[in-house]
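Peer 1: pasted the sequence and its predicted model underneath.
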Amino acid sequence: MFLPFYAERFDTVELNTTGYRLPAEEQFLRWSAQTPDGFRFAVKMPLGRLERVGTFVERVRLLGDRLGPLRVVVQRARDDGLLAFLQGSLPPELEVAYDFRHDSWTGADVPVRVNAFDGDGPFRYFRLREPPYDDEALRGWAARFRPLLESGTRVYCYFKHEDEPTAPQYARRLLELLQ
């Protein structure tokens, strides 16, 4: 099985499948059982149907202590009412990174924004989506992440999955550079 193999080498994975359909409860329990202590799932949360936010949160919480940040993907134009709804609906103990896909969200007040170095949250969330990454580029990312890590800020970083298995190679090299 791939997940246990992967979890032996890395301590987090981004679940994009949850952005297309919400898996059954049993699937979250299986994922949790297949990973070691300290492993975290970063879960994609789409905003297609707001009335399902509670169900989504209930389901992903089945990951237990394996639940990492929620990546809330917001495709639509800025709507401060939507943001207030989300901030009021998501339990405060959950880590949330907002992935705003519309320029109108510039300046929105959220603790963690995907691919932003600044913020008030205890973590940062990065999605590196423009491969290839040579050693110089990875050294550059490591240099930018190091001060965050040294200050106690957790960094979640995910590389774009491609047909060739380069994302795990990039991730392994970045981890080496950060040690």
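Peer 2: The structure has been received and is ready for your questions. Everything quoted here is computed from the prediction, not taken from an experiment.

Peer 1: which ones are touching the most far-flung residue of the chain relative to its centre?
Peer 2: Distance from the C-alpha centroid of the chain peaks at Glu136, with 24.4 Å (Cα atoms, centre = their mean). Glu136 sits next to no residue when contact means Cβ atoms under 8 Å, 6 or more residues apart in numbering. In short, each C-beta sits where N, CA and C put it, glycine included.

Peer 1: ok, then the element right after whichever strand or helix holds it?
Peer 2: Using DSSP states H and E, Glu136 sits in helix 135-150. Following helix 135-150 in sequence order, the next helix or strand is strand 154-159 (DSSP H and E).

Peer 1: got the CA positions of that following strand in PDB?
Peer 2: In PDB, the C-alpha atoms belonging to strand 154-159 read as follows (Å, rounded to 0.1, in the frame of the first residue of the first chain):
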ATOM      1  CA  ARG A 154       5.400  25.000  11.400                       C
ATOM      2  CA  VAL A 155       5.700  24.900   7.600                       C
ATOM      3  CA  TYR A 156       3.500  22.700   5.400                       C
ATOM      4  CA  CYS A 157       4.900  22.500   1.900                       C
ATOM      5  CA  TYR A 158       3.600  20.500  -1.000                       C
ATOM      6  CA  PHE A 159       4.900  20.100  -4.500                       C
END
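
Peer 1: counting contacts, what elements does it pack onto?
Peer 2: Secondary-structure packing of strand 154-159 (3 or more Cβ pairs under 8 Å, 6 or more residues apart in numbering; DSSP states H and E): strand 12-15, strand 40-46, strand 123-128, helix 135-150, helix 166-178.

Peer 1: how about those in TSV, adding distance to Arg66 and mean pLDDT?
Peer 2: TSV is the format used below for the helices and strands packed on strand 154-159 (distance: least, Cβ to Cβ, whole Å; pLDDT from 0 to 100):
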stretch	distance to Arg66	mean pLDDT
strand 12-15	10	96
strand 40-46	6	95
strand 123-128	15	98
helix 135-150	21	98
helix 166-178	18	96
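
Peer 1: how far out from the middle of the chain is stretch 170-179?
Peer 2: Counting by Cα atoms, centre = their mean, to the nearest Å, stretch 170-179 is centred 18 Å from the centre of its parent chain.
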